[in-house]
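Trainee: Let's see this in three dimensions:
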Amino acid sequence: MTSDTSSARTIIQRHLARVSHGLTGDLADAYAEDAIVEQPFLPYGQNRIAGREALRAHFERAGLLPLKLRVDNLVVYETTDPETVIAEYDYEGRVVPTDETFRVSNVQIFRVRGGEIVRSRDYHDYAAIAAALDAARLDPAANAAADSRPEDP
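Mentor: Next comes the predicted model:
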């Protein structure tokens with residue numbers, strides 16, 4: 001958690017910087033206990049996640065994917081509502097088994113209150129991320145290499 005005096009912009013910048021360090025359950029600590037995350041473009045699965053612990057499980061599952069993501073070109077737009085900011089950025093992604101890289105654009109609309117994210121609407125390019133993962137699954141050499149490659153530090 002962060003201080004109540006931190007701006008929504010600062011809280012979101014910190015949160016997205018942490019995403020670049022790895023998808024772990026600890027990312028849920030930035031969210032309020034009763035936070036709501038909506039993912040309207042998610043083609044399958046859970047389009048709405050309610051609660052910090054459900055978010056923790058979501059981030060932990062995402063961390064099991066053979067991906068490394070880094071937030072790049074982050075721009076945070078403030079709105080007339082001091083609790084609401086819009087984050088626009090790219091993921092520079094790498095599929096670990098193949099070392100293939102990809103770039104996807106993202107927009108997230110965050111509401112921050114009391115130093116915590118209470119709501120977000122996440123517009124990620126899930127199709128591009130899935131395509132990168134599918135390419136790795138279809139590459140037999142990459143799958144064999146993944147079985148013998150040590151984890152990134």
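
Trainee: Show me what the longest strand anywhere in the chain is packed up against.
Mentor: Across the chain, the strand with the greatest residue count (assigned by DSSP state E) is strand 100-113. For strand 100-113, the contact count by 3 or more C-beta pairs under 8 Å, 6 or more residues apart in numbering; DSSP states H and E identifies helix 8-19, strand 84-95, strand 116-124, helix 126-137 as packing neighbours. In this view, the C-beta of every residue, glycine as well, is placed from N, C-alpha and C.

Trainee: Direction included, what does the second one pair up with?
Mentor: Sheet pairing of strand 84-95 (DSSP bridges) gives strand 67-78 (antiparallel), strand 100-113 (antiparallel).

Trainee: okay, and for this protein, where does confidence drop off?
Mentor: Counting by pLDDT under 70, the low-confidence segments of the chain come to 1-5, 136, 138-153.

Trainee: ok, the spatially most central residue of the chain to Pro82 distance?
Mentor: Compute the mean C-alpha point of the chain, and by C-alpha atoms, centre = their mean the closest residue is Val19, 5.9 Å away. Distance, Val19 to Pro82, by C-beta to C-beta, to the nearest Å: 23 Å.
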